[in-house]
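Trainee: Sequence unavailable; structure follows:
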């Protein structure tokens, strides 16, 4: 790569884009989507290079409805290519019930998802015998494949009054329907997952050798926001929570010396050289004006992931 | 022991007493309490011998209120002796809101809890910074000590519409107040915990060498009711859910050949020879007339526990 492809890590890369998601297609094209500050639409960018996403034109491929479902709080879109079609997973609520977040799916059968035609598939569907999933505040769905099976992981709240956001996993039957009932993957167990709000959300999966690492974000989306991690051997039953190991401490959190606050909601991709790259958002301000959720200054950043000798990802601002 | 102390295992021992709890006091006296079919009162029996509990006179030491809290569904009392006083932990609801189960505590400062005066301490209290505990359907509180600390484990439901009953642990500050916020110990992860209802409840703790074994009951209280188990090394942090290991399969379930159905809601004691005894309830009928919860034929049974060479409890009807 020439100098024009120089990536700068752990500093704002794409401004005011939160919950960033980068996907590199089989033809090498990079795609980028994220939550926009107005929370009113889903945008896509594409580029031949990872670095090119920074300045690529951004196209709105879907806009929120005027009322009813999908009319408010359009959050955390992800782009997936499954069985020859494009899918966008996102969450949204209703202007008349602004915290009624539920997961929805868009589909595009065209080759180019930026220029193509997108169709609404409606709400993500649970399995026939599942009484629990997507009945309450639920969002941040992601999809990954392992050993020929496809899995869906999402965040959903439980409780009365104050609520707790957990992560669940299920096998997928089709791109927009679960095959199995929910399995609890992680709940906020530790103090760093319980700052202001008890939250586990924003799952992202990366594979290394035969192990899957599932990062997630914890606590409320201010300076306490941080990244925790689960991992599992791919030979194990991924629907058995005993197969998953949870880290006792966050793998990435705020660093005041570097002016990086509330890192989280990451996804994973590879650069053109095949290096593993984490795409995440963080703030550069320690003091947030107003409600953190409506402060636009969560910026997309990149981090180069190093692998330890025992095959574990190392997340560090100095890598 | 003479023939008069012969205990018969795994057959009805005390008829129509569910959620049985036996405590052997420091003076050797045995006490027995349980849910009565009318769910309207708390009863106590005492005897110099374990076998004697079977025919000991039963005294009602507390009766439900006419209305308001503690006026309906008086369930699963446990007797504990803490800091020189007696405590009864139980759950109850309100005649005008029959599923509003919450945990309550009674106290008795007299030497003899059967003849003594009992005082209501009201609802079990959560820690100051706990937003979540005892806010929803919650019951089956038990107390145990380890390494000089006292812990409380209970069942509480989460969810909207259909709900899921989980087990939680907290340290105790006083006999009727938690010191720490809740920690999730187990949720129904497997099919045998999800029959008809998704339930983990009825925790009971037994110590062997330096390991604690926490049994609990799973699924609805019919023929599917069964016993699962967690265990933890006492040197570990008991408030860290990573310290606990969960068994993949139930440790005890129905046995049609023996005519034992829906074993569960057990407690632990020792016989006069120091053998570990499990006290549990089960049915002898595979077909239950009406709603299982209101069918009175859950009978208290005893089981002698064997310990495997690696220090694990073996639960078997043939032991």
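Mentor: Perfect, thanks for sending it. Just so it is clear, the model here is predicted, and its values are computed rather than measured.
Trainee: what about the closest residue to chain B within the stretch 1-150 of chain A, how many neighbours?
Mentor: Residue of the stretch 1-150 of chain A nearest chain B, by C-beta to the nearest C-beta: residue A:131 (4.1 Å). Bear in mind the C-beta positions are built from the backbone N, C-alpha and C, glycine included. Residue A:131: 17 surrounding residues under other C-beta atoms under 10 Å in any protein chain shown.
Trainee: Then residue A:292?
Mentor: If we define neighbours as other C-beta under 10 Å, then residue A:292 has 18 of them.
Trainee: now it: how far from residue A:283?
Mentor: 8 Å (C-beta to C-beta, to the nearest Å).
Trainee: which residues are common contacts for those two?
Mentor: Contact criterion C-beta atoms under 8 Å, 6 or more residues apart in numbering or on different chains; residues shared by residue A:292 and residue A:283: residue A:262.
Trainee: ok, back up a step: give the helix, strand or coil label for the residue of the stretch 1-150 of chain A closest to chain B.
Mentor: Under the three-state scheme (DSSP: H, G, I helix; E, B strand; the rest coil), residue A:131 adopts coil.
Trainee: So, low pLDDT: which residues of chain A?
Mentor: Counting by pLDDT under 70, chain A contains low-confidence ranges at A:1-5.
Trainee: let's go with 50 and repeat that
Mentor: Scanning chain A for pLDDT under 50 picks out the ranges A:1-3.
Trainee: Residues of the stretch 201-319 of chain A that sit close to chain B?
Mentor: A:240-242, A:246, A:248 (C-beta under 8 Å from any C-beta of the partner chain).
Trainee: 6 Å - rerun?
Mentor: Residues of the stretch 201-319 of chain A lying near chain B by C-beta under 6 Å from any C-beta of the partner chain: residue A:241.
Trainee: next one: the stretch 1-150 of chain A
Mentor: Along the stretch 1-150 of chain A, the residues adjacent to chain B under the rule C-beta under 6 Å from any C-beta are A:131, A:135-136.
Trainee: Correct me if wrong: the residue of the stretch 1-150 of chain A closest to chain B contacts residue B:162.
Mentor: Yes - using C-beta atoms under 6 Å, residue A:131 makes contact with residue B:162 at a distance of 4.1 Å.
Trainee: Residue nearest the middle of chain A, spatially speaking?
Mentor: With distances taken as C-alpha atoms, centre = their mean, residue A:202 lies nearest the centre of chain A, 4.5 Å away.
Trainee: Name every strand pairing with the strand or helix carrying it and say which way it goes.
Mentor: According to DSSP states H and E, residue A:202 maps onto strand A:200-208. If you go by DSSP bridges, strand A:200-208 pairs up with strand A:211-218 (antiparallel).
Trainee: ok, and what's touching the strand it pairs with?
Mentor: Residues external to strand A:211-218 that are found in contact with it (C-beta atoms under 6 Å, 6 or more residues apart in numbering or on different chains): A:167, A:193, A:199-206, A:225-234, A:264-266, A:313.
Trainee: And the residues you listed, which of them are buried?
Mentor: Among those, those classed as buried by 16 or more other C-beta atoms under 10 Å in any protein chain shown are A:167, A:193, A:199-206, A:225-232, A:264-266, A:313.
Trainee: Endpoint to endpoint, stretch A:214-233 covers what distance?
Mentor: 11 Å (C-alpha to C-alpha, to the nearest Å).
Trainee: swap in stretch A:86-100?
Mentor: 26 Å.
Trainee: Return the set of buried residues in that stretch.
Mentor: Buried, per 16+ other C-beta under 10 Å, within stretch A:86-100: A:86-94, A:100.
Trainee: One more: stretch A:177-195?
Mentor: The neighbour-count check on stretch A:177-195 (16+ other C-beta under 10 Å) flags A:177-190, A:192-195 as buried.
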